[in-house]
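A.B. asks: Quick one, what's the 3D model for this:
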Amino acid sequence: MNRKRLIVIVCALMIVSVFVSFYLKAGQAEEEKPVANLGVIDLSEWHVEEGETIRLDGEWEFVEGLVDSQYFATRDEPHYVKVPSLWTNYEINGQAVTKFTSGTYRLIVKLPENEQSFGIKTNNIRMSNAIFVNGEKIGQSGSPQEDKSYAPKNTPYVATFHSDENEIELLIHIANFNYATGGGIVSSIYFGNDESVYKLREKSVTYDWIMMATFFIVGLYFFGFYLHFRKDISLLYFSLFCFSIVLYYATHGEKLLHYYFPEMPYSLFQKLQGTSNLIGIFILAYFHHLFKDLTNKKVVKTLIAIGVLLSASMLLPTAINSQLQHVYSIYFLIINLYVLHIQIKAYMNKTTGSLYLLLGSFTLFIYFIVATLNVIGNTKIYVLPPVLPFLYLLTLSLFIAKRFTDTYRKNEELSEKLVQTDKFKDEFLAKTSHEFRTPLHGIIAILQSMTQKEDKAPLTLQQQEKINFVISKAKHLSSLVNDILDLAKVKRRELNVNIENVDVYANAHIVTEVFSYITHKDVQIENLIPRDIPFVLADEKRLRQILYNLVDNAIKYTDAGKIQIYATEENGTITISIKDTGIGIPANKIDTIFYDYEQIGHADSGIGVGLGLSITRELVQLQQGEISVVSKLGVGSTFSFTLPLAPQKTDGSEKNEERATAQHFYLKCPFLYGESNDKKVIIADDNHSNIKVLLETLKREGYFIIAVDNGNDVLKQLEEHPDVDLVLLDIMMPGMSGYEVCQKIRETYSLTELPVLMLTAAFLADDMVAAFQSGANDFLHKPIDIAELKTRMNNLIVMKETAEASLNMEVAYLQAQIKPHFIYNVLNSIMSLSYTDIEQTRDLIANFANFLRGSFVFMNTDKWIPIEKEVTLVQSYANIEKARYPEQFHFEIERDDNISALIPPLLIQPLVENAIRHGLSTKENGRVKLTIKENEANIIIQVIDNGVGMRKEKIEAIERLDYQANSGVGLMNIVKRLKAYPKASISIESKEQSGTTVTIVLPKKVVPKEGEGKW
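C.D. replies: Okay, here's the model as predicted:
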C-alpha cells in the first residue's frame, strides 16, 4: 500500500514538475523578448529566428470610442493600459471603463531590419474588432460600432501587410455591447513575418484537429463498445464525454466550427460554446456509474441538475448568460474536485486501475484550472503543455483497458472453473441418470399394474387420476433421464452417427403414427412430405430422434390445432420443417432456445427442462445440417433443419435395388422357403440383408418362411395364407409402415390368433408404446440377438397354440354341459308322448338326435362353423324344450336371407338355452326370439326374451368375467371368446321381470364366408 502511494506521489510531482518547467522556460523566454512600453515596442534589434513570432504584450495606448490616427496626433494626454486584459480593469481619468462600450488601442511597432512582409494573428478580442496598419484596414472580425448596432463576432484570424518603413502604427477598433464581463484584447496578439504567423496558425489548427480527432475516435470506439455491452452504461457516458470534448475544441481555440461554417449565425455559435458544461455532466455521470459505492447519489444528482440548468442558460441572450461565466468556472472546479475525491477513494479502496485515474485527475485538474484562468482573463499562463489532454485520455483509456483486462482474466478463470464444474455436473448427471433408469421403470410398471388390475376392490376414479398423474410425471422423468444421457454423450463426443441413404417420408410417417397413439390433445399431426421426395444422407435413428424431439416440442406448446411436417428440395439439400399453431416463441427467446436447459416458458411450467432442442441441434450438426426457427407469438412456430441430399434419387420402388447394390445382396420378393405343412412365418423388412440374415437363422428351425419387403405384400400373403402362425414386422417400410400393417392385421386377427413381433432400430419408449397400441404382441430392437429372437418367436407361437387349445377345450366343455337329468327328462317326455301322439314323438326323437349329434361331436372343435349349422342346433334344442313345455313359451327365428358366413361354434345355442331355462323358468306365455341380420360392416345376432330378467350386479359380473359370482359358465364363455375377435362385441340389456336382450356384433372382416375357413 505504501509503495503504491509513493508511486502516485512521485508521478504527481513529475506532472507538476513538467508543468512548472514549461512555465518557467516560457517565462524565461518571454523575459528575453521585447515588450511594449508606453505604447511603443522596439523590434529593430530583435533577431528573428525562423518560424518565430512575438506577442505584442505590454503597455498600449487606449482611448474610449473609435478614433483614427489624427486623434492621437492632437490628444492632450495619452492613457496607457496593460494588454492583454479586459478593459473593465482600466481607469481613465479616475473612472473605470464600463463593460459595454467601444475603444481604440494604439501601438507603435519599430520593425526589425531586413523584413518587409509581416503578419498579425489574433486570438480572443471581444466582441468585434478591426485592425488598421498606418491607417489601412488589414483585417476584422465582426463590425465594431460605437453603439449596439455593432455586429459581434470573436473569431481568430491572420492578417498580413507589407511595409518598407522602419515603424508602423497599429490601431485596433474594438466594440462590446452584449458580453457581460467586458471587452478588450483578452488574449495576446502575435506578430512576425508572414511566414511565421501562418505557421503559428497552422500549428494551432493542427493541434485542435488532433485533439478533436483523437477524442472523437476514442468516443466512437467506446460508443460502439457500449452498443455491444449495454449493461455497462458508464461506457456510454465516457463516449459522450469524449464527444463533448470534441465540441469544446471545435468552438474554442481556433474555433474551427465557425471557420469551416462561416455562414453560421454567431449567436448560435456562442450557444454551442456554452454546451461545454456537458463535459462536467458526462465525466461526473461516468465516474458515478463506475463507482456507485463511492459516490453520494444526492450530490451527483444535484451537480448534474445544476449542469443541465447552466447548459440550458445558453438559450438566453448573451448579455444574460455571459454574466454566469464565473459560475461556469466554479462549476467546473467543483466537478473536478469531486471527481478527484471519487478517484482518491477508489485508490484507497484498492480499486482496479485507480492509479491511472489518479494520475489522469492531476493532469485534468491542472489543465482546466489553467484554461479557466486564461479564459477569465485575469491570469495569463501562455505555455500550457499540449500533452495534458492526451495524457488524461491515455490514463482513462488505460484504466478502462485494465478494468476489462482484469474482468476478462476473471471471466477466463471463472469459465475454466465453470467448464470443470460443468464436466463434473455432466458426469454426475450421467451416473445418476443410469442409477435412476431401472428404479424409474420399476415404479412406472408397478403403478401401471395398479391401474390395470381388476378385482373385487377396484380403484376409485380419484385414485386412478392420482396414480395416472404420478405415472405421467415418472414418464416425464424417464424421458429427462434419457435426454441427460444423450446430452452427456454429445458433450463427450461419444454419439456416433451411421450415415446412409434414409427415406425422409417413411421416417416422418412413423413419427406421426407414434404420436397419433400417445398424444391426448386435440392436435392433428399431418405428414405433408411427398412420397417421392429424394433420400437424404443421415443416420436413420438420429433423424427419427430429431423428428420426435421437434414434434414433441410442438405438441407441448400447442393445445389445439395442427402440426404439419413438410419438406422441400433445394441446392443439394432437403429442408424438413415442423410447423405448429401453438403459442409461439417470444422474440427475446429465439436466439437462446437451442441452448442447454433453455425453455420457452417459465422454468416452473412443468413441461421440460430445455434439453430436447439442444440435443436436436447437436444431432443436426453431427449430420452436416443446420437448424433454424421462425416464430410469431400467438400464431405458432416453424422449426426447419437441413440434411444433405443422397447421391442419387431413390423412391419406394427403387429402394431395395439401391440398398441391395450397396449391400451386394438382392432378394426377389415375395420369397418362400420351407415345407408348406410347417409353422408359417411372414418376415417383412425393406432391407434385404436383414431378410437374408433372418432366413439363414430360421431355415434350420423348421419354419415355412414367407419373406416380403413392404407392408402391402404382408396383407396379400395373409389373404393367400390365412393359416400363418407368426409375423415378424419391421416398423420402417416404404409405402405402409409397420404400425399401419399391424392395425390392418388386427382388423381380422386377434392377438392370440396371429401374433406380431415388431422389429425396429428405434430406441425410444414411445416407439414401443405405439407398437403395442397398434396391436403388436412383442417388440425387438435391432441389431437382433439371434437367441433372443428364437426364444420370443417360440414363446409367441406357443402362446397362440395354447390360446387355441384353451378355446377348443372351452367349446368342448360347453358341448359336455348336457346334464344327465336333461337327457332323463327328454326320454321321459318321449315315453309319455309315445302313448298319445306318435308324430310328435317322432319329431321329438329327431330333434333330440340332431341335438345330440351337434353336442357330442367332441372332435368338431373347428374355430368356425357355418351359421346354418348353429341355427339347426338351436332349432333342435328349442323344439325339444317346446315339446316338454308346450304351453310355457313360444320360440321364433328371424333372419336375413343369403347369410352364409361362418361363426364360432356354440355362440348362439347357449344364449337361447339361457333364455329358455332361466329367463322363462317361472313365467308362462314366455317368448324367445332369435334374430340374425347383416349390414355393410357387421353381422348382428340378438336373443330376446320377456322373462324374469337379470339384476344389474349379475350383468356386471358377467361382463368382467367374474366366475366366482356364479353367473353362468356358458354366457361368460361367450363373452370371453368374443373378446378375442377385433371389434366384436356383446351387450346385455335387462330389467327384472321385463326380459333380457343379448346382442352380438361380429364384424364381417372377422367373419369368413362359408368355404373360406382360416384353418
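A.B. asks: alpha carbons only for contacts and neighbour counts from here, please
C.D. replies: Noted.
A.B. asks: Give me the secondary structure label for residue 787.
C.D. replies: The three-state label for residue 787, taken from DSSP: H, G, I helix; E, B strand; the rest coil, comes out as helix.
A.B. asks: Check the one 10 residues further on too.
C.D. replies: When the structure is split into helix, strand and coil by three-state DSSP, residue 797 lands in helix.
A.B. asks: can you pull the pLDDT of it?
C.D. replies: The model reports residue 797 with a pLDDT of 87.
A.B. asks: go on, residue 71?
C.D. replies: 91.
A.B. asks: count of neighbours near it?
C.D. replies: Here the number of neighbours of residue 71 (other C-alpha atoms under 10 Å) works out to 11.
A.B. asks: which element is residue 906 on?
C.D. replies: Assigned by DSSP states H and E, residue 906 belongs to no helix or strand.
A.B. asks: For it, grab the count of nearby residues.
C.D. replies: 24.
A.B. asks: try residue 726
C.D. replies: Neighbour number of residue 726 under other C-alpha under 10 Å is 22.
A.B. asks: ditto for residue 427
C.D. replies: 15.
A.B. asks: Equivalent analysis for the one 4 residues further on, please.
C.D. replies: Using other C-alpha under 10 Å, residue 431 has 13 other residues around it.
A.B. asks: before we move on, what about residue 734?
C.D. replies: 24.
A.B. asks: Show me the shaky parts of the stretch 851-1000 of the chain.
C.D. replies: 851-863, 886-887, 919-924, 962-970, 980, 982 (pLDDT under 70).
A.B. asks: Please enumerate the strands of it.
C.D. replies: Here the stretch 851-1000 of the chain has its strands, by DSSP state E, counting those that start in this stretch, at 865-866, 889-895, 902-903, 926-934, 938-945, 985-991, 995-1003.
A.B. asks: could you redo those strands as TSV and give each row mean neighbour count and distance to residue 354?
C.D. replies: Output for the strands of the stretch 851-1000 of the chain, formatted as TSV (neighbours: other C-alpha atoms under 10 Å; distance: least, C-alpha to C-alpha, whole Å):
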stretch	mean neighbour count	distance to residue 354
strand 865-866	20	102
strand 889-895	15	106
strand 902-903	24	98
strand 926-934	19	98
strand 938-945	21	93
strand 985-991	16	88
strand 995-1003	20	90
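A.B. asks: Can you lay out the ones you listed as a markdown table showing distance to residue 140?
C.D. replies: Below are those laid out as a markdown table (distance: least, C-alpha to C-alpha, whole Å):
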| stretch | distance to residue 140 |
| --- | --- |
| strand 865-866 | 129 |
| strand 889-895 | 128 |
| strand 902-903 | 125 |
| strand 926-934 | 120 |
| strand 938-945 | 115 |
| strand 985-991 | 115 |
| strand 995-1003 | 114 |
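A.B. asks: out of these, nearest to residue 624?
C.D. replies: strand 995-1003 (50.8 Å; C-alpha to C-alpha).
A.B. asks: State the three-state secondary structure for residue 682.
C.D. replies: Assignment for residue 682 (three-state DSSP): strand.
A.B. asks: Please tell me I have it right and it contacts residue 721.
C.D. replies: No. Between residue 682 and residue 721 there is no contact under C-alpha atoms under 8 Å: 9.8 Å.
A.B. asks: tell me the mean pLDDT for the longest helix seen in the chain?
C.D. replies: Taking DSSP state H as the criterion, the chain has its longest helix at helix 387-452. Helix 387-452 shows a mean pLDDT of 76.
A.B. asks: Kindly report the same for stretch 536-552.
C.D. replies: 87.
A.B. asks: Okay, buried residues for that stretch please.
C.D. replies: 536-552 (16 or more other C-alpha atoms under 10 Å).
A.B. asks: Can you list which of the residues you listed are found in strands?
C.D. replies: 536-538 (DSSP state E).
A.B. asks: Nearest to residue 472 among these?
C.D. replies: residue 538 (32.2 Å).
A.B. asks: still on that earlier bit, specify which residue of residue 682 and residue 721 has the higher count of neighbours.
C.D. replies: Just comparing residue 682 and residue 721: by other C-alpha under 10 Å the higher neighbour count belongs to residue 682, 25 against 16.
A.B. asks: quick one: contacts for the more buried one?
C.D. replies: 705-708, 714, 724, 726-729 (C-alpha atoms under 8 Å, 6 or more residues apart in numbering).
A.B. asks: repeat for residue 222
C.D. replies: 235-236, 238-239.
A.B. asks: From the centroid of the protein, which residue is nearest?
C.D. replies: When C-alpha atoms, centre = their mean is applied to the chain, the residue found nearest the centroid is residue 593 (2.2 Å).
A.B. asks: So that one is in contact with residue 613, correct?
C.D. replies: Yes. Counting by C-alpha under 8 Å, residue 613 is a contact partner of residue 593 at 7.0 Å.
A.B. asks: residues of stretch 795-807 that come out buried?
C.D. replies: The neighbour-count check on stretch 795-807 (16+ other C-alpha under 10 Å) flags 796-797, 799-800, 803-804, 807 as buried.
A.B. asks: typed the wrong thing, it's stretch 897-911
C.D. replies: So stretch 897-911, judged by 16+ other C-alpha under 10 Å, has buried residues 899, 901-911.
A.B. asks: sorry, back to before: residue 134 is nearest to which of the strands of the stretch 851-1000 of the chain?
C.D. replies: strand 995-1003 (129.1 Å).
A.B. asks: Hey, what's the angle from the closest one to strand 938-945? Just curious.
C.D. replies: Angle, strand 995-1003 to strand 938-945, by axes from the mean of the first three to the mean of the last three C-alpha atoms, to 10 degrees: 170 degrees.
A.B. asks: Any chance you could list what contacts strand 995-1003?
C.D. replies: Against strand 995-1003 from outside (C-alpha under 8 Å, 6+ apart): 911, 915, 919, 937-950, 983-990.
A.B. asks: I'd say residue 199 and residue 51 touch.
C.D. replies: Yes. If you go by C-alpha under 8 Å, residue 199 and residue 51 touch, sitting 6.8 Å apart.
A.B. asks: So which elements touch the longest helix of the chain?
C.D. replies: On a contact count with 3 or more C-alpha pairs under 8 Å, 6 or more residues apart in numbering; DSSP states H and E, helix 387-452 meets helix 194-228, helix 354-376, helix 461-491.
A.B. asks: and residue 505, which of the ones you listed is closest to it?
C.D. replies: Comparison of the helices and strands packed on helix 387-452 against residue 505 by C-alpha to C-alpha identifies helix 461-491 as nearest, at 25.0 Å.
A.B. asks: Figure out how far that closest one is from the centre of its chain.
C.D. replies: Mean C-alpha position of helix 461-491 versus that of the full chain (C-alpha atoms, centre = their mean, to the nearest Å) differs by 23 Å.
A.B. asks: what comes into contact with the next helix or strand after it?
C.D. replies: Following helix 461-491 in sequence order, the next helix or strand is strand 500-502 (DSSP H and E). Residues from elsewhere that reach strand 500-502 (C-alpha under 8 Å, 6+ apart): 535-540, 646.
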